[in-house]
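>>> have a look at this fold, sequence not included:
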């Protein structure tokens, strides 16, 4: 996974500075910035995996952050890694379907930040999934986080490669036999 380092500063104008500061905290290379109005499923921030590889922001107790991830490889394996960039409390994450129901995986980062947690799962056939972040013991503080998402394509099974190789061999034999006849 390619990651740059930085710290969460809490404002949109700090993106360039955040991405260039050399600190011990991992940040996604091309993230979106969490918006303040994404505290319910209907206002979820969208992470398009063709242009973004994660997000960063802050979350407070009682104010969860919702993300809808689009354009993941259907049936592929995706790993979501959460970095807790603050030391005030902790952050929990739950991976759901695109309707924010069910549970494909979850993780928890303690308040001993900066630390991280990750979960891997198979992407649903529609190529979309949801992520819900909640603060734990953040009290009146905001808990800074960065979310990194890496996904892989569905590998062609070895039996599929053998089948294609066998079909190519039969086609070559058929062409060779036609040349001998003609």
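Yep, that arrived. Everything numeric in this text was worked out from a predicted model, so none of it was measured.
>>> how confident is the prediction for the nearest residue to residue 96 once chain neighbours are set aside, by pLDDT?
Spatial nearest neighbour of residue 96, excluding adjacent residues (Cβ to Cβ, 6 or more residues apart in numbering): residue 130 at 4.2 Å. Backbone N, C-alpha and C define where each C-beta goes, glycine included. Turning to residue 130, the model gives it a pLDDT of 94.
>>> run a quick neighbour tally on residue 130.
20 (other Cβ atoms under 10 Å).
>>> name the helices or strands packed onto the longest helix along the chain?
Longest helix in the chain, counting residues (DSSP state H): helix 158-181. Judged by 3 or more Cβ pairs under 8 Å, 6 or more residues apart in numbering; DSSP states H and E, helix 158-181 is in contact with no other helix or strand.
>>> ok now that helix, how far from the chain's centre?
41 Å (Cα atoms, centre = their mean, to the nearest Å).
>>> same thing with stretch 76-96?
Its chain's C-alpha centre and that of stretch 76-96 lie 10 Å apart, by Cα atoms, centre = their mean.
>>> same check, this time on stretch 67-81
6 Å.
>>> how long is it end to end?
14 Å (Cα to Cα, to the nearest Å).
>>> for that stretch, buried residues please.
Burial within stretch 67-81, assessed by neighbour count using 16 or more other Cβ atoms under 10 Å, is assigned to 67, 68, 69, 70, 72, 77, 78, 80, 81.
>>> again with stretch 95-104
Across stretch 95-104, burial judged by 16+ other Cβ under 10 Å covers 95, 96, 98, 100, 104.
>>> how about TSV for these, with pLDDT, distance to residue 120 and secondary structure added?
TSV is the format used below for the buried residues of stretch 95-104 (pLDDT from 0 to 100; distance: Cβ to Cβ, whole Å; DSSP: H, G, I helix; E, B strand; the rest coil):
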residue	pLDDT	distance to residue 120	secondary structure
95	93	10	strand
96	93	15	strand
98	92	18	coil
100	93	20	coil
104	92	10	coil
